[in-house]
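Asker: predicted model and sequence below, questions to follow.
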Amino acid sequence: MTKEIKIDDNLIIGGEKFSIIAGPCAVESEEQMQYIAQFLNQLGIKIIRGGAFKPRTNPNSFQGLGFDGLKILKDIKDSYGFKVISEIMDPRDIEDAYRYVDIYQIGSRNMQNYSLLREIGKTDKPVLLKRGMSATINEWIKASEYISIEGNDKIILCERGIRTFENYTRNTLDLMSVPIMKSETKYPVLIDPSHGTGRRELVLPASKAALAIGADGLIIEIHPEPDKALSDGHQSLNFNEFKILVNKIKSMKKSLNIY
């Protein structure tokens, strides 16, 4: 059985649980996050995602609200009881971000930022380690060891697609990484179907495939108005699409005897 990563006394990722994490690609405003939080709370989602620091290919695109974004996430957490996951890009921000986040996220571009991995490894909070967009399985495993060697064994792996010659999808979602990583490591493996496909209409089928192949959960981007999102709107689900996904996954879990 996959290692259980304890988020708090009543919430774990891994083991025999299948978790759904959801939220916007980026924290854009207090109003946006309140709207999303109300919706997710009604669906029973326990962990909310939201980018405060956004590593973007184009330096002129929206880079996130930084610590102002983390403060908005903290207000949401305090109001609704969510646990918060957000990406940290700079080792210098780890300590200051500690009181805002419950799960540190290491993004694809930073999977081999060894200084960042080592510093995160010195903390006592869970870490979501995304696979690098061009990383091999072995490189991903070694990246996790940079964290664990510093003492933090609360690692959650996340497959988010890799770069191949195919350009119909944003990335090629490597679902076979799930059974491989679960046999090569003890850590739970989540699937990010939003980045993994980059196409809104493919998020649901990719999510179903993730559950069927044995993933421990999903991390999904949603937005009240995806076409107006400041980042990654093309791969974000609207509220109705996400509600359909949650219901489909619940039906599949019941059929497969998964909690």
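Answerer: Perfect, I can see it now. These numbers come from a predicted model, not from an experiment.
Asker: strands along this protein, start to end?
Answerer: 4-8, 11-14, 19-23, 47-49, 83-87, 103-106, 127-130, 155-159, 189-191, 217-221 (DSSP state E).
Asker: tabulate those strands (JSON lines), appending mean neighbour count and mean pLDDT.
Answerer: C-beta coordinates here come from the backbone N, C-alpha and C atoms, glycine included. Shown next, in JSON lines, are these (neighbours: other C-beta atoms under 10 Å; pLDDT from 0 to 100):
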{"stretch": "strand 4-8", "mean neighbour count": "16", "mean pLDDT": "95"}
{"stretch": "strand 11-14", "mean neighbour count": "20", "mean pLDDT": "97"}
{"stretch": "strand 19-23", "mean neighbour count": "24", "mean pLDDT": "98"}
{"stretch": "strand 47-49", "mean neighbour count": "25", "mean pLDDT": "98"}
{"stretch": "strand 83-87", "mean neighbour count": "21", "mean pLDDT": "98"}
{"stretch": "strand 103-106", "mean neighbour count": "24", "mean pLDDT": "98"}
{"stretch": "strand 127-130", "mean neighbour count": "25", "mean pLDDT": "98"}
{"stretch": "strand 155-159", "mean neighbour count": "26", "mean pLDDT": "98"}
{"stretch": "strand 189-191", "mean neighbour count": "26", "mean pLDDT": "98"}
{"stretch": "strand 217-221", "mean neighbour count": "25", "mean pLDDT": "98"}
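Asker: minimum distance to Glu95: which of these has it?
Answerer: Of all the strands of the chain, it is strand 103-106 that lies closest to Glu95, at 11.4 Å by C-beta to C-beta.
Asker: so what touches the closest one?
Answerer: 7, 47, 49, 83-88, 94, 97, 113, 116-117, 120, 123, 125-130, 156 (C-beta atoms under 8 Å, 6 or more residues apart in numbering).
Asker: where does this protein have low pLDDT?
Answerer: Along the chain, no part satisfies pLDDT under 70.
Asker: top helix in it by residue count?
Answerer: For the chain, the longest helix by residue count, based on DSSP state H, is helix 239-256.
Asker: neighbouring contacts of it?
Answerer: Against helix 239-256 from outside (C-beta under 8 Å, 6+ apart): 18, 20, 22, 39, 43, 45, 200, 203-204, 207-208, 211-212, 218, 220, 222, 224, 237, 258-259.
Asker: what's the nearest residue to Phe39 if we skip its chain neighbours?
Answerer: Phe239 (5.5 Å; C-beta to C-beta, 6 or more residues apart in numbering).
Asker: which residues touch Ile137?
Answerer: 177, 180-181, 184 are the contacts of Ile137 under C-beta under 8 Å, 6+ apart.
Asker: returning to that earlier point: and of the strands of the chain, who's closest to Ala229?
Answerer: Between Ala229 and the strands of the chain, the tightest spacing by C-beta to C-beta is seen for strand 217-221, at 8.6 Å.
Asker: contacts only, for the residue nearest the centre of the chain.
Answerer: Central residue of the chain (C-alpha atoms, centre = their mean): Ile219, 4.3 Å from the mean position. Going by C-beta under 8 Å, 6+ apart, Ile219 touches 21-22, 49, 85, 128, 158, 190-192, 194.
Asker: cool, thanks, talk later.
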